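My questions are about this predicted structure, shown below with the sequence.
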Amino acid sequence: MASFFPTSTTECYVTKHVRNSEILENNCFEYGGADVAGPRCRFAANCILLKVLYIGLEPYMRVFCVTGKEPEWDVGRVPRGKVIGEVLQSNVPWISIGMKVKVTAPWRTYTWVEVTPRVLVEELDNTVPPELYLGLAGSGGRTARLALEKLVKPQAGHVALVTAAASCVGLAACQLMRMEGVTVLGSCGSERKVTLLKKLGVKAFNYKTENADEALARLAPTGLDFLFDNTAGRVRTAAIKIMRGGGVILTSGRIARYDAFGGPAGGDEALEKQIIYENCLHDYGQFFVGHFSGDFVECTSHIIRLYKRGRLKNFDTIVDGFHNLGEAFAGIFRGKNVGRTIVRLYDDAGAFFEAPAPDAPAPAPAPAPAPAPWRVDVRVASAPAPPSPLYAAEAPVPGPAPA
Ligand SMILES: NC(=O)c1ccc[n+]([C@@H]2O[C@H](COP(=O)([O-])OP(=O)(O)OC[C@H]3O[C@@H](n4cnc5c(N)ncnc54)[C@H](OP(=O)(O)O)[C@@H]3O)[C@@H](O)[C@H]2O)c1
């Protein structure tokens, strides 16, 4: 295969360091041209050059941006995240030109990646959509499955609550527990997400419009055995209040505390601690999927097997255009996504989504509306459903095809 050597790239860099008492906005990022890399990388024995096709956006990046511990989130720096890329050039023996891989890389359209023993480069299974590796077959599915496999698994007949149930981790956790015969409740932030979760057999409620204490009393009148918590805050406190003695709490994340857009997270941590002590609840504390990196390959294979059998459905939110990275990332903290937020850089015909020219005159009214840059992709291995717009006012929630 002939190799193509781009010399310039477009990158997305940070223009404002946003603490967690502040709201992350689209304008906290800028886009600019840069050289692809210096000669050090080009001739290094352990480097690959990628044409970036998809960028996965995850809440943990906001934590890095809050703490300021990661230099990539300083003003003027280019953040890093999981990307799917096509290898254009490789100085690594087992990685060949043309291969599609998933790796952590800077937010650039073309980028060099230094492959060290600490860098996980995953070769993709070409029989599934590559985006799957950024969500269900990546950190989202792995977090749900490994937490439930390695730490604690509720049993058939138990009643469990998953918070942020329409998130990537949440959707995987809900489906995996449903497979085991667990009664699953889910909290989420919109009616459309409630509808989607109900189609998956989850007893869902909208925490933005219904008081969590009342919703849980309605949906779990005999109490909860298990809490898979992705959010912290007021829903977590409400859940702990109705947990049965000996119930189990597994904390996956605390997204309600990452960004100030939704206002204060609420909740009462002192009360939670008191109830945990008095009712002898088992609090497993914060789970971190990275502690199980040795299990990633087996876990991903397992998830892909379930996906191919139609037992696990995949939901992604696809945003078209590298220039929409900032908006897509901020959108996670406004609940705009269902499943993993993935920025797609090229259309189906392979054309790069160009940013609109800044001084371009307003376009003449088009006969048909332009496709929305945001949409939810529902993928079911046996019967892929067409994507549908996420934000059209009354758009129906895409439901999974029957398994
Ligand atoms: N432990 C680990 O190793 C690990 C690994 C990956 C992820 N995680 C954690 O798992 C959680 C979900 O991650 P993900 O990748 O699945 O996220 P995701 O797919 O990007 O979805 C995030 C969802 O969180 C909800 N949310 C945003 N702000 C919120 C707030 N203030 N209060 C309540 N809900 C809010 C939104 O849905 P609504 O419309 O429902 O509000 C949003 O769509 C996060 O806490 C993340 O840090 C943990």
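Happy to help now that I have it. Numbers count the residues shown, from 1 in each chain.

tell me which parts of the stretch 301-403 of the chain are close to the ligand?
Ile332, Phe333, Gly335, Asn337, Gly339, Arg340, Thr341 (Cβ under 6 Å from any ligand atom). Heads up, the C-betas are built off the backbone N, CA and C, glycines and all.

Cross-reference these with the strands and report the matches.
Arg340, Thr341 (DSSP state E).

hmm, which two among the residues of the stretch 301-403 of the chain next to the ligand are most spread apart?
Phe333 and Gly339 (15.5 Å; Cβ to Cβ).

how about low-confidence regions in the stretch 301-403 of the chain?
360-374, 376-403 (pLDDT under 70).

Can you show me the helices along it?
Secondary structure of the stretch 301-403 of the chain (DSSP state H, counting those that start in this stretch): helices at 325-332.

Can you name the residue of it nearest to the ligand?
Proximity of the stretch 301-403 of the chain to the ligand (Cβ to the nearest ligand atom) peaks at Gly335, 2.6 Å away.

just to revisit the earlier point, so Phe333 and Gly339 - more neighbours on which side?
Gly339 (28 against 19; other Cβ atoms under 10 Å).

which phi and psi does the more buried one have?
Here is the backbone geometry of Gly339 (degrees, to the nearest 10): phi 70, psi -160.

Enumerate every residue touching it.
Gly135, Leu136, Gly140, Ala166, Ser167, Cys168, Leu171, Asn314, Phe315, Asp316, Thr317, Val376 (Cβ atoms under 8 Å, 6 or more residues apart in numbering).

which one is it nearest to, not counting chain neighbours?
Phe315 (3.5 Å; Cβ to Cβ, 6 or more residues apart in numbering).

Determine the number of other residues adjacent to that neighbour.
26.

Which strand residues bridge it?
Val378 (DSSP bridges).

wait, it sits on Thr341?
No - if you go by Cβ atoms under 8 Å, Phe315 and Thr341 don't touch, sitting 11.0 Å apart.

Once you drop chain neighbours, what's closest to Val128?
Nearest non-adjacent residue to Val128 (Cβ to Cβ, 6+ apart): Ile304, at 5.8 Å.

Please report the distance of the residue of the stretch 51-200 of the chain found nearest the ligand from Pro129.
Across the stretch 51-200 of the chain, the shortest distance to the ligand (Cβ to the nearest ligand atom) belongs to Gly189, at 2.6 Å. Counting by Cβ to Cβ, to the nearest Å, the gap from Gly189 to Pro129 is 26 Å.

again, but for Gly56
Counting by Cβ to Cβ - Gly56 and Pro129 are separated by 13 Å.

Who has more neighbours out of the two?
Gly56 (24 against 21).

Counting neighbours, which bits of the host helix or strand of Val248 end up buried?
Counting by DSSP states H and E, the element that carries Val248 is strand 243-251. Neighbour-count burial for strand 243-251 flags Met243, Gly247, Val248, Ile249, Leu250, Thr251 (criterion: 16 or more other Cβ atoms under 10 Å).

Tell me the pLDDT of Lys193.
Note for Lys193: predicted pLDDT of 98.

Near the nearest residue to it once chain neighbours are set aside, how many other residues are there?
Leaving aside its sequence neighbours, Lys193 sits nearest to Ala166 (Cβ to Cβ, 6+ apart; 3.9 Å). By other Cβ under 10 Å, the residues close to Ala166 number 28.

which residues does Ala166 contact?
Gly186, Cys188, Gly189, Lys193, Leu196, Leu197, Phe315, Val338, Gly339.

I'd say the second one and Val162 touch.
No - look at Cys188 against Val162 with Cβ under 8 Å: they stay out of range, at 9.2 Å.

Of the two, which one has the most company?
Val162 (32 against 28).

Close to the ligand: what parts of the stretch 1-150 of the chain are there?
Glu58, Pro59, Tyr60, Ser139, Gly140, Thr143.

Just those: which are in helices?
Residues of these located in helices (DSSP state H): Tyr60, Ser139, Gly140, Thr143.

In terms of helices and strands, where is the closest residue to Phe5 other than its chain neighbours?
Nearest non-adjacent residue to Phe5, counting by Cβ to Cβ, 6+ apart: Gln89, 6.6 Å away. In this assignment (DSSP H and E), Gln89 forms part of strand 80-90.

Just the buried residues of the next helix or strand after that strand, please?
Next helix or strand after strand 80-90 toward the C-terminus (DSSP H and E): strand 100-106. By neighbour count with 16+ other Cβ under 10 Å, strand 100-106 contains the buried residues Lys100, Val101, Lys102, Val103, Ala105, Pro106.

if we can go back for a sec, doesn't Ala137 make contact with the residue nearest to Val128?
Yes - with contacts counted by Cβ under 8 Å, Ile304 reaches Ala137, the gap being 5.5 Å.

Could you check which of those two is surrounded by more residues?
For Ile304 and Ala137, the more surrounded residue by other Cβ under 10 Å is Ala137, and the numbers stand at 30 against 20.

and the more buried one, which of the three is it?
coil (DSSP: H, G, I helix; E, B strand; the rest coil).

pLDDT score for it?
Ala137 is given a pLDDT of 97.

check contacts around it.
Val128, Thr300, Ile303, Ile304, Tyr307.

Make CSV out of those residues and add distance to Ile276.
Converted to CSV, these look like this (distance: Cβ to Cβ, whole Å):
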residue, distance to Ile276
Val128, 40
Thr300, 33
Ile303, 31
Ile304, 37
Tyr307, 36
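
For the ligand, give me its nearest residue in the stretch 201-350 of the chain.
Closest point on the stretch 201-350 of the chain to the ligand, by Cβ to the nearest ligand atom, is Gly253, at 1.9 Å.

Touching, that residue and Gly233? I think so.
No - applying Cβ under 8 Å, one finds Gly253 not in contact with Gly233, separated by 11.2 Å.

Centre-most residue in the protein?
Arg340 (3.4 Å; Cα atoms, centre = their mean).

For that residue, give me its contacts.
Taking Cβ under 8 Å, 6+ apart as the test, what Arg340 contacts is Gly56, Leu57, Glu58, Glu131, Leu134, Gly135, Leu136, Gly138, Gly140, Cys168, Asp316, Thr317.

Please apply the same query to Cys168.
Contacts of Cys168 by Cβ under 8 Å, 6+ apart are Glu58, Gly135, Leu136, Ser139, Gly140, Gly141, Phe315, Gly339, Arg340.
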